[in-house]
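Student: how would this look folded up:
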Amino acid sequence: MEENMKFELNDEELDTVVGGYGIGDTVLCSHDDIVYCSNCGRLLKNYEVTITGVRGVLDGHTLYWVTRKCCGHKSSIIDTEILG
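Tutor: Prediction:
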């Protein structure tokens, strides 16, 4: 499958893919180790992101494309980083 391939999902399929989180949702993330934003240098212990897309699935976990609230940097996270 091509990396840049675009496709549309209905609401039920989207809910299944992103595990209840939708595109545009703002979620709180957390890291157990010390991680800094590669763009602005902010410590990313507990931080907010807006989900902008679904990158894929890795070992049964959903990878999301997100925009960080600290500086607008676009990156990806895995669902286990999202605080419930």
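Student: got the contact list for the lengthiest strand in the chain?
Tutor: As assigned by DSSP state E, the longest strand anywhere in the chain is strand 46-58. Residues from elsewhere that reach strand 46-58, judged by CB atoms under 8 Å, 6 or more residues apart in numbering: 17-18, 21-30, 37, 62-70, 74, 76-78, 83. In short, each C-beta sits where N, CA and C put it, glycine included.
Student: Just the residues you listed: which are in strands?
Tutor: Going by DSSP E, the strands hold 26-30, 62-68, 74, 76-78 from the contacts of strand 46-58.
Student: Among the residues you listed, list the two that are farthest apart in space.
Tutor: The two members of these with the most space between them (CB to CB) are S30 and K74, at 19.4 Å.
Student: ok so, going back, by neighbours, which of the ones in strands among the contacts of strand 46-58 wins?
Tutor: Y64 (27 neighbours; other CB atoms under 10 Å).
Student: Check what pLDDT it gets.
Tutor: Looking at Y64, its pLDDT stands at 89.
Student: How about T67?
Tutor: In this model, T67 carries a pLDDT of 96.
Student: Can you pull up the most central residue in this structure?
Tutor: Centroid check for the chain by CA atoms, centre = their mean gives Y64 as the closest residue, at 3.2 Å.
Student: That residue bridge partners, please.
Tutor: Here Y64 sits in beta bridges with V54, I77, going by DSSP bridges.
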